[in-house]
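[1] Have a look at this fold, sequence not included:
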């Protein structure tokens, strides 16, 4: 068997068996999806049963219009979301009403109750009293219903007809539609962009950082116990370099494969929109190009450190640099046609992130695509060439970190 | 087998190895001796093509370095270490694979060696679970597993207890019997003296002496004899063959003039005293080492 393959196999099998790898394999997508969905899931979560809401209205005029205005809030099964109960029916004084309202709420008979106090100047003070004051969803629904009811009352009092009333109280949503070639149109929103682009950029960065870190650590281990000398007296440095990069890429692809499976299993379910896979092929192309490019940089820089401490230091610097394209990618969402974004499409460090994003924002001119692929290919060639030279000398240098001048000399060496 | 010519290695502003030449004969143990920092390890690294020499050449069976060389050498570096988290057998098979050994024979050879070094039942353990001595054994096995023609050991006995040192020594001698060539770099002069037939002594990057052990001993010999006797030996002080002597209660160490053979001297004194013992004193390798280094440093 070829020695490159033997090394790749060893790196792959030894790393894939580690607990850290297995944990991160399943934890990473869980964390990413969690981050993306938690806020929306929590705020959009619908009630699953009708809630009884009490009304104490000192004026007595709001109850009926309120009932009309909560009718539009429905549960998933079509049942009404809220059932309003007039607590002010048998004319007790306000203190007693409040007391019984509080009791009913605490005992669970009511979800909560609205205390509406009308003041002579036509303004009013309202409390929604419930066990859980942080229920924004409920609060905003009730707020909307009450305000609509109040406007309705006022308008009908002023003699304005009901169709005009409807018009005034209806607000209109704006829907974002992305135009694609061939006259297709598709709706686009942040969640969708997240799952089609940003998730891949984050995955790319995380993969490079985690596998690059692994590579640097394994090199440091081999350097510190001189295993590197045994290996280098058994194969050429190029075989070692190729084997390591190959093994780690295989490891990275395993991660992507598992994550894609997770994504495919969730696709179509409420969590991952099915459009994720629309541009998957060009996205994967830039993903892989980016991975090779960044890995080569890690190998080159990683081979010059000789202690665990230095390795940690240098990988954290590198990781920060790796996160930069993500920072650039976010403004690109806002204005994908700016010169800034076009320039970033030709800089090797940002090409993968920007391109992955642009595929899902709008069409990319063919010439831009071709040029950025060519730039990427040349950068990969150069980075592997330089990393290989540095690697050959770096793996055998111990102690003091070499200066930039020394590294330049290594590059000139035959 | 291995021919080293005018080998030199310069680092930034130091000369680690300065113009050394020697021959390693096949089927023998070649001892590479020298104090710390003398340039032994640098020389070994150049022989293994780990680093490139600044000048000079290394020929293996008359040919310069080629890829085949990777698979016929076994190297045990002075600083030991293995993949701590990996299993013993997996580690051995990986190193065997790096030496182009096929899987089947790698497994059977590993099992054979693990049994030979009495650590068979650690086969499926992680390396870090083994004692330091047993880890050294694993590394020793990884060096010899692929049946290399040329073995290079840098301080192979460090970290072994006397029983295991003997075990390793016996294995080294059995390698010589089966025709392997061994380069042994060590500080332990007593072991080198027992095992090596050829010696290369290096200090501060420079070659101090090299050749067969017997020849070197003769060169460093001071033509000294020891006589055990009964009677009065005061005549030694006036004997023309004697340069100097140390007189003890019932024996004396006598240094003879260079042109006086010990057996001739024996004839001249045999009637004067009653001799109980007569032997030629050879300098120990330890003494040669210390004297040579001292002389070289002055």
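    That came in fine, so what should we check first? Since the model is a prediction, treat every value here as computed from it, not as a measurement.

[2] For whatever residue of the stretch 101-250 of chain B ends up closest to chain A, give me its contacts.
    Of the stretch 101-250 of chain B, the residue with the smallest distance to chain A, taken as C-beta to the nearest C-beta, is residue B:142 at 7.5 Å. C-beta: built from backbone N, CA, C; applies to glycine. Contact partners of residue B:142, counting by C-beta atoms under 8 Å, 6 or more residues apart in numbering or on different chains, are A:230, B:82, B:91, B:92, B:95, B:96.

[3] Just the pLDDT at residue A:96, thanks.
    The score at residue A:96 is 82. That number is its pLDDT.

[4] quick one: the one helix or strand residue B:8 maps to near chain A?
    Using DSSP states H and E, residue B:8 falls within strand B:2-10. No - with C-beta under 8 Å from any C-beta of the partner chain as the measure, strand B:2-10 is seen stopping short of chain A, the closest distance being 12.4 Å.

[5] Sort out which residues of that strand are buried, please.
    Along strand B:2-10, these residues count as buried under the neighbour rule (16 or more other C-beta atoms under 10 Å in any protein chain shown): B:2, B:4, B:7, B:8, B:9.

[6] thinking again about what came up before, isn't there a strand covering the residue of the stretch 101-250 of chain B closest to chain A?
    No - inclusion of residue B:142 in a strand is not indicated when DSSP: H, G, I helix; E, B strand; the rest coil is applied; the result is helix.

[7] so is residue A:316 in a helix, a strand, or just coil?
    Using three-state DSSP, the structure places residue A:316 in helix.

[8] How much space separates it from chain B?
    For residue A:316, the distance to chain B equals 23 Å [C-beta to the nearest C-beta, to the nearest Å].

[9] Next, count neighbours for that residue.
    12 (other C-beta atoms under 10 Å in any protein chain shown).

[10] Check it and give its pLDDT.
    Residue A:316 is given a pLDDT of 85.

[11] next one: residue A:132
    Among the per-residue scores, residue A:132 shows a pLDDT of 75.

[12] phi, psi of the nearest residue to it once chain neighbours are set aside?
    If you skip the residues right next to it in sequence, residue A:132 has residue A:112 as its closest partner in space, 7.9 Å away by C-beta to C-beta, 6 or more residues apart in numbering or on different chains. Backbone dihedrals for residue A:112, given as degrees, to the nearest 10, come out at phi 170, psi -180.

[13] Chain B contacts on the stretch 301-414 of chain A?
    In this structure, the stretch 301-414 of chain A approaches chain B at residues residue A:396, judged by C-beta under 8 Å from any C-beta.

[14] Can you list the residue ranges for helices in the stretch 51-200 of chain B?
    B:68-72, B:88-98, B:103-116, B:132-144, B:162-177, B:189-195 (DSSP state H, counting those that start in this stretch).

[15] Report whether the expected contact of residue B:210 with residue B:292 is present.
    No - with contact defined as C-beta atoms under 8 Å, residue B:210 does not count as touching residue B:292 (11.2 Å).

[16] Give me the more crowded residue out of those two.
    A count of neighbours by other C-beta under 10 Å puts residue B:210 above the other of residue B:210 and residue B:292, at 21 against 18.

[17] give me every residue that touches the nearest residue to that one once chain neighbours are set aside.
    On the basis of C-beta to C-beta, 6+ apart, the spatially nearest residue to residue B:210 that is not a chain neighbour turns out to be residue B:200, at 4.3 Å. Residue B:200 makes contacts with B:20, B:22, B:30, B:31, B:32, B:33, B:207, B:209, B:210, as judged by C-beta under 8 Å, 6+ apart.
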